[in-house]
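1. here's my sequence, what's the structure:
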Amino acid sequence: MEVTRGDTTLPAAQVPSLLAGDKVSLHLPKSEDPDDKLRDFLFVAAFLRGAVNPPPDDWIATGQGWKDKEKDNTLQLTVPEGAQQMVVLMVPRTQGAQGVLEDAVQGKPGEFVRAGGELYEASLDHARLETFMASIRAQGDRNPEALRKVAPVLASSLGMRLQADCLDKVLEEQAACLIEGRGALVLSDVHTSSLADTLAGAPTDLALQLSATPQAGSGSYSAYIGVARDIARLFGAFNNPQFDYLPALTERRADRLALRLNTAPSFTKPKSVLVVGMPSVEADVLPRLRSTHTAPICAAQGHVLLPVEGAPLVYASDFAHAMALRITASDGRTVDVPVSARADRGGYVFDARAIPATFSGSLRAHLHGNWGFAPFEGPDFTLQRPGPGAWHSVGDNGTLVVGRDSVAVLAGSAPACVSAITLTGGGSRRSLEWEVKDTERLAVTVPLEGARPGPVQLALHLQGEADPVALTLESRAEASRIDTLLVHEGDSEARLSGQRLDQVRALALGDLTLEPGELQRRDGRDVLTFALDAAGMPKAGSTLEARIALADGRVQTLPVTVAPPRPDAQVLSRSVRMPEPAQGTRPLELTSDELLPAGGELVFSLQAAGGQDLGRDTVVEVALAGTAETVRLGVGSGLMPSSPGVLIARLDTGALAPGSFGPLRFRLVANGVAGRWQDLARLVRLPAIDEVACAKGKDATCTLEGRNLFLVAAVAQGADFAGARSVPPGFTGERLEVPAPGAEGLYLRLRDDGEAVARLRPDGA
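-> You can find the predicted model right below:
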């Protein structure tokens, strides 16, 4: 089968959907074996326009595969305006079958609309499953040791459920275990049936080749149903002593379709009518292919991987074709390089040798091609290739300090292509750790403890380059320098700032002798903390003498005045405003007042500690734990005085970075002095729930439909999460099989916080 749209003709395997006006060529291939009954079929193609609108006579065409003339054995169809779906029926040559099948399609169009759509979806899932199983078998035969690494990548690429415990078995048993129980492998988000139901028993792979019509959709966790059972129910009324209806899955192979059945067809009464599902007639639905790697990618040698996610069918079908990577050099020159999809590697792969040798440094790259007949634009990448430019140190980082680990920032044409950095000299080599900072710089940590001042030799090894790049940096000794010692009344620590504070051995403050604590580097200075007993320290304004003992035996003295207490407050009360649910979605409620939903608002009151004054210049800073970025609330911008010593703060989570989640902390800042960080709330992201639908019957299951369901870790009927249904990490579907809601609805454990639970009330509650 081939489909023509305008001046372009594509084989069936490359066509994801049909449009009105498309030309469809459909026929049964001729076998070289004269005794082969492959073509001894009558086939009927019908276009449907909805469940309650029978198709007119001219929307139904019949072909006779056993005849030799093209006008008899080939259908040349044009998709009519207003058509919504196509279905194909095949039956062994039988007198009067044409009229029976045409009457069936026109008499019950709704059954054929549903059957065609469900068979189509099942075929897409079957393609993913077969690709997964074939890759696992091939890897198990070729290199079983690599299955532990390859299997999770395959599962993620194709949207399959990974049986992780199989990877704990001996090598010889891993591949067989991974594909065992294949009916449960395809991740599904609507129905409970699986491929095992559809392909019960040993399927008969007929060599029936049909010029098929397209397959639509991106294939991401699509619905999967028990097609065999559903079709039997749908067409039960049509079965008669002459015909039985039999569902057929399709496997696309270039311009042909192979039909896979769950039972062998009958060529005697009652003869089998093969029902072949076809996609909807609609505009192409392009997949959302996303890059999973934002850092530069080295493209200097070998096969380069472009990691992507979001469209399992790019690996399991030919819908995405003519794919290429358009590479743009810094001077504007471009070149298109062919790419191939590799599910076992999790992305597209291309040969670095296809890039011209004159393309070096940082290169812009864009993945593009076709999805069926439509242009398909993929994600962008940054590639790097070593160029002629020399590597050099940046700023003051070219001078290293001996006696400790120093960080040198180096700049060159392709930091992503650095494969190793070694410290040379003295007849020995030592591998160093480094981190790529951006498209031109990297930071390397040079261990110089016990080293002498002088030149430091580094060797940078780059992919694709035979010889390493030699680089010489200078190192010098730095004496300890004491700048300030800061002590606040009521503090539990003192902070010493300066340079080379790693040489400090002890601090005597009044009658106290303190041991050094954590040493940090802030704004180009060392900051060394010492633990204090706040109860034993004098009041603010008192003057003390600090004696600082250094490693070389010297003792430096420093006068210290105890500063006023840092601004501090405690939370009196808090309230959370949930985000307004989008139109058509169900509201969720959180089960703890310590949780704050992204998109919501937190209002909390603060009372100053110890009689402190919270003036109009007081600022409340809020930040995620472990991050330096803060949201500042001041009077007139989220902060309002309530009464002496009490402030009301209003935090809009929209002020935080997109995608933020985790523990939130706050602190007061007054007169440039920052207080201690305190816990405020736990920020969590919520899915958007559209509906929960349950089938009828004692053992019926329920389906939860919504968006961003990857934010859910588990769904349960009760708050104790007994019998909870887990949601796999990285789930991108929009439907989940869930337990039936209880009297209190459904409970959702959120992935952002293992203790966070949201409740979905029952309908009408």
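2. quick one: whatever helix or strand R128 lives in to chain centroid distance?
-> In the assignment (DSSP states H and E), R128 maps to helix 109-142. Centroid separation between helix 109-142 and its chain, computed with C-alpha atoms, centre = their mean, to the nearest Å, is 22 Å.
3. got any ranges where this structure has weak pLDDT?
-> 31-38, 140-146, 163-241, 395-399, 426-427, 764-765 (pLDDT under 70).
4. and the closest residue to R326 other than its chain neighbours, what is it in contact with?
-> Nearest residue to R326 in three dimensions, chain neighbours excluded: H366, at 4.8 Å (C-beta to C-beta, 6 or more residues apart in numbering). Heads up, the C-betas are built off the backbone N, CA and C, glycines and all. The contact partners of H366, by C-beta atoms under 8 Å, 6 or more residues apart in numbering, come to 325-326, 328, 377-381.
5. equivalent analysis for A609, please.
-> A609 touches 565, 568-570, counting by C-beta under 8 Å, 6+ apart.
6. who wins for most neighbours among those residues?
-> A569 (24 neighbours; other C-beta atoms under 10 Å).
7. which helix or strand contains the residue lying closest to that one once chain neighbours are set aside?
-> Among residues not flanking A569 along the chain, L606 sits closest, at 4.0 Å (C-beta to C-beta, 6+ apart). In this assignment (DSSP H and E), L606 forms part of strand 601-608.
8. in the protein, which spans are helices?
-> 70-73, 97-107, 109-142, 147-158, 171-178, 195-198, 227-234, 313-316 (DSSP state H).
9. surely V153 and R345 touch.
-> Yes - under the criterion of C-beta atoms under 8 Å, V153 makes contact with R345 at 6.5 Å.
10. quick revisit: gap between the residue nearest to R326 and G378?
-> Distance, H366 to G378, using C-beta to C-beta, to the nearest Å: 7 Å.
11. quick one: A716 from A700, how far?
-> Relative to A700, A716 is positioned 18 Å away (criterion: C-beta to C-beta).
12. hmm, I typed the wrong one, I wanted L544.
-> Counting by C-beta to C-beta, the gap between L544 and A700 amounts to 76 Å.
13. who's more crowded, these two?
-> Neighbours of L544 and A700, each counted by other C-beta under 10 Å, are more numerous for L544; the result is 18 against 10.
14. report the contact partners of the more buried one.
-> Contacts of L544 by C-beta under 8 Å, 6+ apart are 487, 509-510, 538, 559-562.
15. run the last query once more with 7 Å
-> L544 makes contacts with 509-510, 560, as judged by C-beta atoms under 7 Å, 6 or more residues apart in numbering.
16. what do you get for R761?
-> Counting by C-beta under 7 Å, 6+ apart, R761 touches G745.
17. cool, G599 as well?
-> By C-beta under 7 Å, 6+ apart, G599 lies in contact with 579, 653.
18. go again using 8 Å as the cut-off
-> The contact partners of G599, by C-beta under 8 Å, 6+ apart, come to 579, 653-654, 686.
19. just curious, which of those is nearest to R749?
-> L686 (12.2 Å; C-beta to C-beta).
20. go ahead and confirm that closest one touches E589.
-> No - look at L686 against E589 with C-beta under 8 Å: they stay out of range, at 10.1 Å.
21. residues shared between the contacts of those two?
-> In contact with both L686 and E589: A758, using C-beta under 8 Å, 6+ apart.
22. and the two? Which one has more around it.
-> L686 (26 against 13).
23. ok, the more buried one to G654 distance?
-> Separation of L686 from G654 (C-beta to C-beta) stands at 14 Å.
24. check the burial of the closest residue to C298 other than its chain neighbours by counting its neighbours.
-> Once flanking residues are discounted, C298 sits nearest to C417: 4.0 Å by C-beta to C-beta, 6+ apart. Residues near C417, counting by other C-beta under 10 Å, number 25.
25. OK, contacts around C417?
-> When contacts are counted by C-beta under 8 Å, 6+ apart, C417 touches 298, 300, 384-386, 462-464.
26. adding distance to R522, write those out as JSON lines.
-> Below are the contacts of C417 laid out as JSON lines (distance: C-beta to C-beta, whole Å):
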{"residue": "C298", "distance to R522": "33"}
{"residue": "A300", "distance to R522": "37"}
{"residue": "Q384", "distance to R522": "32"}
{"residue": "R385", "distance to R522": "37"}
{"residue": "P386", "distance to R522": "35"}
{"residue": "L462", "distance to R522": "33"}
{"residue": "Q463", "distance to R522": "36"}
{"residue": "G464", "distance to R522": "39"}
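27. of the residues you listed, buried ones?
-> Listed as buried from the contacts of C417 are 298, 300, 384-386, 462-463; burial here means 16 or more other C-beta atoms under 10 Å.
28. and this protein, what are its domain boundaries?
-> Domain segmentation of the chain under automatic domain parsing yields 2-118+203-280, 122-198, 290-385, 392-476, 481-561, 569-684, 688-760.
29. distance across the longest one, terminal residue to terminal residue?
-> Domain 2-118+203-280 has its terminal residues 17 Å apart, counting by C-alpha to C-alpha, to the nearest Å.
30. and that domain, how far out from the chain middle?
-> Using C-alpha atoms, centre = their mean, the offset of domain 2-118+203-280 from its chain centre is 36 Å.
31. kindly report the same for the fourth one.
-> Remark: domain 392-476 is offset 34 Å from the chain centroid, using C-alpha atoms, centre = their mean.
32. number of residues surrounding G107?
-> 12.
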